[in-house]
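Participant: need the 3D shape of this:
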Amino acid sequence: MKLKNTYLLPLILMSVTVFSCSKNVMDEASELESFDFQKNLFIETIPIEKSLKQFSEIDNDLKRIDTINPIGLRFNLNSIRHKPLTNHSAKVTVTDVQTKYPELKSQAWQTKLNGEEMAVIVHLFKSGVDDVGSDYNGLLIYTDDLGNVLSLYKIQNGKTTSELKIPKTITQRTGKDIIKPCWGIACGITLDEIVLTPPNNNQWNYIPININISYANVYQNYLNNSYISYASGYSSYVSNYVVYSPDNPINDIRDYLKCFDINKSAKITIYADQPKPNSSDAYINVGSIFRPQYVVGHTFVSIEQGGNTSVFGFYPDGDPDPFNRSMPGIFGNDQREVYDVSISRTVSGSTLQRILNTTYNYTNSQYDLNTKNCTDFGITIGNIAGLKLPQSDGTWLGGGGSNPGALGENMRKNNTTGIKKNLSGGNAPTNKKGC
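Facilitator: Modelled structure (predicted):
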């Protein structure tokens, strides 16, 4: 389950059930309806002191380097407070912010979902509030701290009525003008309007928002585009927790492994490229709370026999995510791939034949992010080789299963007779074909 560094675009209000789309229903809706939010999303309050420290550090960075602050973002740290979620004991940290757009009322929101701290900037137009100040009419804009528009919603009488999305036929263009994002109307693109029908309020966790960004029936989750956002119900979670197809796919695994002699012994090695060396973490964030970048690592295999070496791993033939987690599998060439820990054992010719046959069978099998990923393949091959590798599970946003972090730690603790371990890591060998 090798993930490249990608952005998770966090949009924060929490939902725990499903909505219906009454116009321009998105393709992802059927996948989302089967997702159990109550089971898979865990919301926690971040202490004010911690949020204050994180916002203060970001604010100081923006003050020092104006070139990285295209929207003129400044935090009003004296305004920091907690806002309650409905139907939940957790609270969202909120602080007022200023931008170069005087027509906007903006705030930063932060919470913790499934152990990950996430934040987003929320903008309303001041002109959209009525004289009483209780109902809002206009656009609701979610951006990151650099002003990149994450999602756009239409609010009528304080309630989210629809989401405005770029058509799938258009290549998305992003800009820094959050008043007229260039992938929207300003680019001459008519956005698709998805009408959202929320369920009964008691089925939802949400923050009510008004011109002070405190009251309006907005239902939002943290996922956009490569997590797509949720509003007034639920939009899609086509996540940035995406596993990518291999950089160097193997078109014919039988040809790739054809030089091995099943009448001779061979050395089998399982490698774990852990997200965080010496840790069972399933993934780590190497970005910021506004623009996270997730790294999850990879598990792969090598076979060595005489002058022949082949290094390979199991991948999806496409880009699965937690809502579209299954697709045909494919092998990738992992020679010279970096790893943190490996475990090896010499096997007989008959065991080698079982390993080759199992590998060939994987060619026509489905990859599944939760149940049949690169680590599941590594464990399967390792156990045929007698390495006694246990199930090595962990969780990630929207799912969970075997992963390189947990497997790597289990490999470090493995004391099976006849094995050889490399605990310092390095690069996998180069492929060699002697036939």
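
Participant: CA atoms for contacts and neighbours, from now on please.
Facilitator: Noted.

Participant: which residues touch stretch 68-75?
Facilitator: For stretch 68-75, contacts defined as CA atoms under 8 Å, 6 or more residues apart in numbering pick out 55-56, 59, 62, 66, 95-101, 145-147, 176-177.

Participant: mind redoing it with 6 Å?
Facilitator: For stretch 68-75, the external contacting residues (CA atoms under 6 Å, 6 or more residues apart in numbering) are 62, 97, 98, 99, 100, 147.

Participant: CA-only coordinates of it, as CSV, when you get a sec.
Facilitator: The C-alpha coordinates for stretch 68-75 follow below in CSV (Å, rounded to 0.1, in the frame of the first residue of the first chain):
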residue,chain,number,x,y,z
ILE,A,68,4.1,32.7,1.4
ASN,A,69,1.0,34.6,2.4
PRO,A,70,-0.9,35.4,-0.8
ILE,A,71,-4.3,36.1,1.0
GLY,A,72,-2.8,38.3,3.8
LEU,A,73,-3.9,35.8,6.5
ARG,A,74,-3.5,37.0,10.1
PHE,A,75,-4.8,35.2,13.2
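
Participant: sort out which residues of that stretch are buried, please.
Facilitator: 69, 70, 71, 72, 73, 74, 75 (16 or more other CA atoms under 10 Å).

Participant: export those as a markdown table, with columns for pLDDT and distance to residue 111.
Facilitator: A markdown table is the format used below for the buried residues of stretch 68-75 (pLDDT from 0 to 100; distance: CA to CA, whole Å):
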| residue | pLDDT | distance to residue 111 |
| --- | --- | --- |
| 69 | 82 | 23 |
| 70 | 82 | 25 |
| 71 | 86 | 23 |
| 72 | 89 | 23 |
| 73 | 91 | 20 |
| 74 | 93 | 19 |
| 75 | 95 | 17 |
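
Participant: farthest-separated two in these?
Facilitator: Spatial extent of the buried residues of stretch 68-75 (CA to CA) is set by the pair 70 and 75 at 14.5 Å.

Participant: show me where pLDDT drops low in the stretch 101-250 of the chain?
Facilitator: 114, 129-135, 158-160, 166-243 (pLDDT under 70).

Participant: ok, now with 50
Facilitator: 132-133, 172-176, 183-188, 198-241 (pLDDT under 50).

Participant: where along the stretch 251-400 of the chain do the strands fall?
Facilitator: Across the stretch 251-400 of the chain, reading from the start of the chain, the strands by DSSP state E, counting those that start in this stretch fall at 266-273, 284-285, 293-295, 298-305, 308-316, 326-333, 338-339, 341-347, 366-368, 393-396, 399-402.

Participant: pipe the ones you listed into TSV and attach mean neighbour count per row.
Facilitator: As requested, these are arranged in TSV below (neighbours: other CA atoms under 10 Å):
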stretch	mean neighbour count
strand 266-273	26
strand 284-285	18
strand 293-295	21
strand 298-305	25
strand 308-316	26
strand 326-333	21
strand 338-339	22
strand 341-347	21
strand 366-368	23
strand 393-396	19
strand 399-402	20
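
Participant: how is this protein partitioned into domains?
Facilitator: Under the assignment automatic domain parsing, the domains of the chain span 8-203, 249-427.

Participant: quickly compare those and say which is most buried.
Facilitator: Ranked by mean neighbour count under mean count of other CA atoms under 10 Å, the domains of the chain are led by domain 249-427, which reaches a mean of 20.

Participant: and it, how far apart are its ends?
Facilitator: With CA to CA, to the nearest Å as the measure, the ends of domain 249-427 fall 19 Å from one another.

Participant: mean pLDDT for the domains of the chain: which is lowest?
Facilitator: When the domains of the chain are compared on average pLDDT, domain 8-203 comes out lowest at a mean of 68.

Participant: mind listing what residue 91 touches?
Facilitator: Applying CA under 6 Å, 6+ apart, one finds that residue 91 lies in contact with 45, 82, 83, 84, 85.

Participant: I'd like those residues laid out as TSV, including secondary structure and distance to residue 264.
Facilitator: Converted to TSV, the contacts of residue 91 look like this (DSSP: H, G, I helix; E, B strand; the rest coil; distance: CA to CA, whole Å):
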residue	secondary structure	distance to residue 264
45	coil	59
82	strand	66
83	strand	67
84	strand	66
85	coil	64
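
Participant: which one of these is nearest residue 272?
Facilitator: Comparing those against residue 272 with CA to CA picks out residue 45 as the nearest, at 33.5 Å.

Participant: roughly how far apart are the residue nearest to residue 315 when sequence neighbours are not counted and residue 373?
Facilitator: Counting by CA to CA, 6 or more residues apart in numbering, residue 315 lies nearest to residue 330, which is 5.2 Å off, once chain neighbours are set aside. Residue 330 sits at a distance of 11 Å from residue 373 (criterion: CA to CA).

Participant: alright, I will stop here.
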